[in-house]
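> Sequence first, predicted coordinates after that:
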Amino acid sequence: MFGREPRKALRDTLETVIVAVVLALVIRSFVVEPYIVDGFSMQNTLQNGERLLVNKLWYRLSPLRYGEIIVFQPPIPGQPPYVKRVIATGGQTVSMVNGQVYVNGKKMAQPYLTDGGVSTEDHWNMPPLKIPKGDIFVLGDHRAASEDSRYFGPVSIKAVQGVAFWVIWPLNRFGSIPR
């Protein structure tokens with residue numbers, strides 16, 4: 001009789017651990033995943049080495065919008081995932097004049113950029129480009145240090161891994177990511 005209770009406790013513990021591991025794997029695979037910022041292309045919004053939480057479900061339920069920060073697999077073989085800001089979506093036309101972004105002919109507010117809405121040393125000009133359905137146009141916030149859609153073109157929505165929404169490390173930057 002004494003031998004049965006420890007076995008039951010062990011069994012209950014193992015069942016709990018297995019359920020917790022399966023639940024954690026499901027959440028990480030389909031709902032939320034951590035991501036480490038690698039590089040300086042999203043400064044000042046995000047810093048190199050920051051840890052983020054990325055919602056892997058939201059963009060599947062709601063269309064991506066201007067200003068959202070996403071993690072995606074770039075169309076460059078062998079590259080790790082990138083983190084950039086959505087500027088235009090399928091069907092929209094994007095252009096740049098002296099670093100200012102225009103979507104469908106309307107100058108877009110870019111409060112997240114330094115130097116009065118223009119990224120440091122950014123004087124980029126780009127003729128109008130209509131984004132194909134199912135694609136998005138992305139830019140880094142620190143344009144002078146960003147490899148983005150200006151170089152590799154629009155990105156397929158299928159390459160998106162999720163929408164970044166929370167900084168979890170370092171603790172002095174803990175909180176929601178400003179749009």
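On my side now, so go ahead. Residues are numbered from 1 along each chain as shown.

> which residues sit in contact with Gln43?
Gln43 is in contact with 141-142, 145, counting by Cβ atoms under 8 Å, 6 or more residues apart in numbering. For every residue, glycine as well, the C-beta is placed using N, CA and C.

> which of those residues tops the neighbour count?
Counting neighbours by other Cβ atoms under 10 Å, Asp141 leads the contacts of Gln43 with 23 neighbours.

> got the domain boundaries for the chain?
Following automatic domain parsing, the chain resolves into domains at 1-30, 33-176.

> Save these as TSV, and put in mean pLDDT too.
Rendered in TSV, the data for the domains of the chain read as follows (pLDDT from 0 to 100):
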stretch	mean pLDDT
domain 1-30	73
domain 33-176	90
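
> Which of those domains has the highest mean neighbour count?
Mean neighbours per residue, mean count of other Cβ atoms under 10 Å, is largest over these for domain 33-176, with a mean of 17.

> Please state the offset of that domain from the chain centre?
Mean-position distance between domain 33-176 and its chain equals 7 Å (Cα atoms, centre = their mean, to the nearest Å).

> what distance separates the start and the end of it?
The stretch domain 33-176 measures 15 Å between its terminal residues, going by Cα to Cα, to the nearest Å.

> Could you do stretch 152-165 as well?
Rule used - Cα to Cα; the end-to-end distance of stretch 152-165 is 25 Å.

> Tell me which residues are up against it.
Applying Cβ under 8 Å, 6+ apart, the set of residues contacting stretch 152-165 from outside is 32-33, 35, 46, 52-59, 64, 68-76, 81, 83, 90, 129, 131-132, 134-138, 149, 176-177.

> If we use 6 Å, what do you get?
52, 54-56, 58-59, 68-73, 75, 81, 131, 134-138, 177 (Cβ atoms under 6 Å, 6 or more residues apart in numbering).

> Nearest to the spatial middle of this structure, which residue is it?
Most central in the chain under Cα atoms, centre = their mean is Ile70, positioned 2.0 Å from the mean C-alpha point.
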